[in-house]
Every structure is written in C-alpha cells, then in structure tokens.
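Participant: Got a predicted structure plus its sequence, pasted below:
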Amino acid sequence: MKTLIMKLAMGATASFLAMSAGAWAGEVVWWTPNFNEARARDLVEKFQAANPDVSVKLEITTTDGLPQRILTALQSGAAPDVIDVQHGWVNGYAQNNLVLPVDEVLTDREDYIPASLEYDTWDGKLWGIPYRIETHAVIINKGDYKAAGLDPANPPTTWAAFKDAAKKLTTNGKSGFAITGGGEVGNTIFRSLPFMWMVGGGIISDDGKKVLVNSPETIEAVTFYTDFLKEGMSPASTLENDGTANRRLFIAETVSMYQSGQFDIQSIRKENPNIDIGVIPVPHPDGGKTAAILGGWSFVIPSKAKNPDDAKKLLGFLAEAENQAALTDTFPARVSAMEAERFKDPILQVFKEMLPFGRPVPAHPNWVQISQAYFDGIQRILLGDEDVKTAMDGVAEEIEGLL
Amino acid sequence: MQKQSTGYLFVLPALMVLGMLIAYPVAYTGLLSVTDNAGNYVGLDNFRRVLSARATPTAFWNTLWWVFGSIVLQVVLGVLTAILLNQNFRGRAIVRSVTLVPWVVPGIVAATTWAWMLHTEFGIINYMLTAPALIDEPVGWLTNGRTVMPVMIAINIWKMFPFVAIMVLAGLQAISDDLYEAARIDGASFWEEVLYVMLPQVRTVIVAVTLLLVIWALNHITIIYAITRGGPANRTLITPIQIFRTAFESVQFGQAAALSVMFFAVAIVVVFIYIRTLASNPEETR
C-alpha cells in the first residue's frame, strides 16, 4: 500500500514537472496593455504563422498601477518574456539590471525618431525597443472660438496671444484653457515641463547635475502655467483634474481648450459629435520655439525572462515597420512606419508636426521623487499657499537633496 | 520534560508558518531599513533622508489628525446608532441591514464614488447645494486646503461607524433585562439607563473596537489614496501613504522601510498606552 502511494506521488510529481517545463519551452509570455489587445492578437497570429515553433501567450495589463506590477514582476522570479512599458521607465530598469540589452534586435537605428532611442539608452547600450510615440498639442473647440470672435483658422501661436484667447473664451461659465493640477504626477509634468524648455528652463538639467526648477526661466514658465487658474481661465476644479477629467470637461463643453494627445480625439467625437474639434500647436514664447515631451511605449525583455531568445525573435518581428504601424495607438517610433494609411487623417496633422519638438524627460534614478516634489510645489501655488518663487525655491531645496 | 518537548514538536509546524508570515517580514523590514537598493549596508542614512524630507512632518501631523478625528466620531456615532437600533420600532430589521451598507461596500468602490460625488464641477453634492441656491458657488471639497482632510475623515466615519454599531449592538443585546428592570424601579430615565446600564455593560466591547479602529486608521490607505493620492500639496498625506509612495512609486525600499520602522515604533507606543490606560478594568484600579 505504502509503495503504491509512493509510486503515485512520484508519478504525479514527474508529470507535474514535465507539464510545467513544457509550458514554457518555446513559449513567449507577452504583457501588453488592454488598449493594445485586439491589435496584439492579430500580430501574434501572424507571428505564430511565420514561426510555428514559438507560441506567444498574451497577458493583458491595465495602466492603473502598472509600474508597481511590473516592478514586482521584474524583481521576483516570475517575470514574463516581453513587457510593454512607458519610455520613461526603461532607464530605471536598465540601471538596476532588471532588463536585458536589445542592441542586436534593433538594427536600423537611423529609421527611428532619435528622442525615442535616447529614452531607452543607458551606458551606451539599448535596453528597450520603442514602438509607440506621441506628444501633446492643444485641442480646441472651434465653435467656442467663433462665438468669442476668434478665428480658428488663425489660432494664437505665442504665449501672450494664447492667454488673450483663453481670456476671451472664458465667458458664460466656460473656462478658456484647462490646466491639470491633480491626479497622477505625470499629467502635470507633461503639460508644464515643455513651457520651461521653451524658455531654456527645466526641472533639472539634462545631465541631472543641476537644479533648474527655481531659475528665472522656469519661474517665468511656471507663472505662465499656474496663472491660468489664478486668473480664472482654468476651471475651479483644476486641483482635482488630470488629463481625463479635462477631456470630460471639454466633452461637456465647459472647457474650450486643453492639452492632450491624439488618443482623446476619438472619444470626444464619439461622446459629443456636436463639437467641432480643432488642434493647434502648443504656444511658444515670443521669438521662441514650441516644445513637448515625447511620450509612448517601448518593449523590454526582463533579465529574468525564461525564454529571452524567442522573446528577441518576437521583438524583431514587432519592430518591422509594418507591424509597428499596426500596433501603435498613436504614432510609430519608426519614420518609415508613418507612411501607413491610418496616419493620414487630417486631424492628426498638428500632432505629427509636434513630434520633432518632442524631447525625452530627464533620466535620473530619483526622477519619481523629483517630479513629486515639483508637483507638490505646483499644488502649493494653485492652492494659494505660496507664490511661485517661494514654492519653487522650496522645491529646489528638496531636489538638491535628491541629485 | 520529555512530555514538554513533544508538545513543542506538535506546535512546531504552526510556529514555522507564523514565523514565516510575521517574524520574517518584520525582520526583513528592519534589514531593509539599513541597506540601499543594491543591498549595501548604509547605517542610518535612510532614516536621516526620510526625516529630512519635507513631507515627513506634514504626514505625521496629518496622521494624528486623521486618526483622532476618525476614531472619536466613529465611536460616538457608532454607539448612538447601536442604542437606536436596540430599541423596538417598526422596520427595525430593515434599518439594521441598511446601516451596514457602507461597511459592506468595498473601500475602493466607495472611495471612487465619493470622489465623483464631491467633484467641484460635476459632483452631485455641489449640484444639490447650488440647484436650490443654498450656496452661490460650488465648493471645491477636494481642492480647498481647509475642507479636504475633514472630508476624508467624514468618508472614513461613514465607512466605519456601522461596524462599531453592530459590535456594540451585539453587546447591548447581551444585557440582561433584569438590569433595566432594576433601573426602572429606581426611577431611571432613558438617558440614565444609557449612562448607568448600557455603557458600563458594553465598555469592554467599545474598548476592543476602538483599538481595532485605531489600528485600522493607522494602517489606512484606500480611501485617501484613491481620492486624492495624498494631495493637494500633501494636505491629506498620511504616513502609510507616504510609505507606500516611497516604496512603490519612488522605488526607495530602504527609505520606506526606515519610515515603517519608525512608524511601527510610534504605533506600538500608542497602542501600549491605550491598553494601559483605557483597557484596564476600572473596578480593579479603583
């Protein structure tokens, strides 16, 4: 009896081991966010048809809480083989040795928008493959423009003219230009940091050695940004609004202009077809140039991936121009992929024009804390606790300790 | 002797599981608090960094405010509700069940719903106040530095008082009718019954429940994090959220561990004092 049980137990263990081993020989586990799901499934089918010995298992992630989830996976032994991550996260992973270099996969560097590669580079090596890029522009309600006596075909381009337009648009309970002051930190970084760049300021210098957040240039830009609330052109709810909230206010026709990416266009069209949507470049200071943060997504291979070889095969396939054009929700990181038909919608034109002005967010190991300190400062200004100079001096002091 | 060691052997598996689930994380947190992300020993560096951060004292005072405000009103409201639900009236069963609703709703659902209801622009609360012209302008409940913390505390009270009510109600129902009868014969009014019969009888329940509430308030993350993430400008940042942010947003596990260790020490002292003063039986000390 005893031996029988032993045999059964051994048999069970053996078959379990065989099964778990079989589960990942030739299998690539790919984590992709829910907005990619349908397109990713098509691409997986295509890939498997061409590579019958590799099977790809898709696992769908959601963006809320994704950084924490990925970090946990990367540090535990249970990492997938390919993960979609935002460009800005790649450097942190590389510096902590959590992902593998992928130089061999990406062969045609010159076809990529340089800022996207800059994001994924550290220590002279490439640690991720950018596939999706986007920047913000200003989305406007053309109907409101006409009602306020402004010409949407000839929109304001400078800060002064823009502010003037926002003032004119602020009537009948409508807000001219909505800024963000709540939600996740990134929302406000994406919308305010470009204004600093336009005048030669910033939060920290590109080499991460100097604090710029209380420089006169930055203070000028932060003043420009926060004045939209102080002078009543941004909604009273600004401190609780993130990008999504601003979109909802725009759809509800209580906001006439706000900064966002092209991903908002579709939902505005669907939820309020009455709005005549226009897109204009982010305004620049007189005599200066516009700027934007280049955002988007890259693929990484965790250093604890079980099947890095097949993962690289999959990445090679996904990096082909045609497939990149198919997968991206916004624009592809490859210039040649931009030729695809779906990027020719005229409303995308301005977003496309903004791309060359896109710059990467500074890569610093403490960037999350630095941006949090900055965001707290912005909130102190918006709350009316401190003026711009005092708030930014306080932020500078905090950041000094983080560099 | 032989007998005793056999006993130890029997509890060994349970002890090992407990050790893995409790002792190991606690010890590991202690270890993390003196190492950097690469695992090198850095002495008290993490403590120094955390203590010099601008957010730390803010979070500490916010936490005190949050715990104190929540507990006092949760207990008072909970006990009053329990006394009410202990009376005989029509529809009591329904009222008892309805009271439990806030406690049953998952925290994250409740928090998100409240965030929507409190929104300055499209929140129903401002709509109900402005539509009949009770106030002229919508109130920025979550964007005004003076209202945001009280609002958070109010939501926490709403969420937790049913729990207090149900626990105290159970205690009240265990009181023998003889006591009420004796009190009535002595000519006690309803409020005297409450004061001299009900409260002394449920004292132990209230003490135990309050201790639980203190611990839960000290550990709390869900409601505040889901609604304001500790903002605006750290007005609602409490220490548990600061720990969460430091560990999982800034990836500074060492500093988060250092903060946890200090927070743990403070919490232990609070709980210890509480048990020593309030939980001791007044009959014995008298």
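Facilitator: Great, that's in hand. Residues are numbered from 1 along each chain as shown, chains lettered A, B, ... in the order given.
Participant: can you list the residues that contact stretch A:143-155?
Facilitator: Stretch A:143-155 is contacted by residues A:140, A:142, A:165, A:168-169, A:171, A:174, A:253, A:256, A:274-276, A:278, A:280 when judged by CB atoms under 8 Å, 6 or more residues apart in numbering or on different chains. Heads up, the C-betas are built off the backbone N, CA and C, glycines and all.
Participant: Most neighbours of all those residues, which one?
Facilitator: Highest neighbour count within these: residue A:256, with 30 neighbours (other CB atoms under 10 Å in any protein chain shown).
Participant: Would you confirm that it belongs to a strand?
Facilitator: Yes: under DSSP: H, G, I helix; E, B strand; the rest coil, residue A:256 falls within a strand.
Participant: And it, how close does it get to chain B?
Facilitator: Residue A:256 sits 14 Å away from chain B, taking CB to the nearest CB, to the nearest Å as the criterion.
Participant: Give the full set of residues in contact with residue 199.
Facilitator: In the absence of a named chain, chain A is used. Contacts of residue A:199 (CB under 8 Å, 6+ apart): A:217, A:218, A:220, A:221, A:285, A:288.
Participant: The chain in question should be chain B.
Facilitator: Counting by CB under 8 Å, 6+ apart, residue B:199 has contacts B:79, B:206.
Participant: what about it, which helix or strand?
Facilitator: In this structure, residue B:199 sits in helix B:199-219 according to DSSP states H and E.
Participant: and residue A:34, how far is that from residue A:171?
Facilitator: Remark: distance between residue A:34 and residue A:171 (CB to CB, to the nearest Å) = 39 Å.
Participant: same question, residue B:165
Facilitator: 50 Å.
Participant: For the spatially most central residue of chain A, which non-adjacent residue is closest in space?
Facilitator: A centroid search over chain A (CA atoms, centre = their mean) returns residue A:295, at 3.8 Å, as the residue closest to the centre. Spatial nearest neighbour of residue A:295, excluding adjacent residues (CB to CB, 6 or more residues apart in numbering or on different chains): residue A:134 at 5.4 Å.
Participant: For the one you found, grab phi and psi.
Facilitator: As for residue A:134, its main-chain torsions (degrees, to the nearest 10) stand at phi -160, psi 160.
Participant: same check, this time on the one 10 residues further on
Facilitator: Its backbone dihedrals place residue A:144 at phi -60, psi -40, with angles given as degrees, to the nearest 10.
Participant: gap between it and chain B?
Facilitator: Noted for residue A:144: a distance of 17 Å to chain B, by CB to the nearest CB.
Participant: do the same with residue A:386
Facilitator: Applying CB to the nearest CB, the value for residue A:386 to chain B is 9 Å.
Participant: how about that residue, secondary structure?
Facilitator: Under three-state DSSP, residue A:386 falls in the coil class.
Participant: Might you report the residue contacts of the closest residue to it other than its chain neighbours?
Facilitator: Spatial nearest neighbour of residue A:386, excluding adjacent residues (CB to CB, 6+ apart): residue A:380 at 4.7 Å. Contact partners of residue A:380, counting by CB under 8 Å, 6+ apart, are A:386, A:391, A:394, B:233.
Participant: quick one: which of the residues you listed is most hemmed in?
Facilitator: Top of the contacts of residue A:380 by neighbour number is residue A:391, holding 26 neighbours under the definition other CB under 10 Å.
Participant: Thought residue A:377 was touching it, still the case?
Facilitator: Yes: counting by CB atoms under 8 Å, residue A:377 is a contact partner of residue A:391 at 4.3 Å.
Participant: which regions of the stretch 1-150 of chain B lie under the pLDDT threshold?
Facilitator: B:1-3 (pLDDT under 70).
Participant: Recalculate using a threshold of 50.
Facilitator: Low-confidence segments of the stretch 1-150 of chain B (pLDDT under 50): none present.
Participant: Please apply the same query to the stretch 151-286 of chain B.
Facilitator: Counting by pLDDT under 50, the ranges of the stretch 151-286 of chain B that qualify are B:284-286.
Participant: Residues of it that sit close to chain A?
Facilitator: Counting by CB under 8 Å from any CB of the partner chain, the stretch 151-286 of chain B comes close to chain A at B:228-229, B:231-235, B:245, B:248-252.
Participant: repeat that with 6 Å
Facilitator: Residues of the stretch 151-286 of chain B lying close to chain A by CB under 6 Å from any CB of the partner chain are B:231, B:232, B:233, B:234, B:248, B:249, B:250.
Participant: Next up, the contacts around the fifth one.
Facilitator: Residue B:248 is in contact with residue A:68, counting by CB atoms under 6 Å, 6 or more residues apart in numbering or on different chains.
Participant: Return the member of the residues of the stretch 151-286 of chain B next to chain A nearest to residue A:83.
Facilitator: residue B:248 (17.0 Å; CB to CB).
Participant: All good on my end, thank you.
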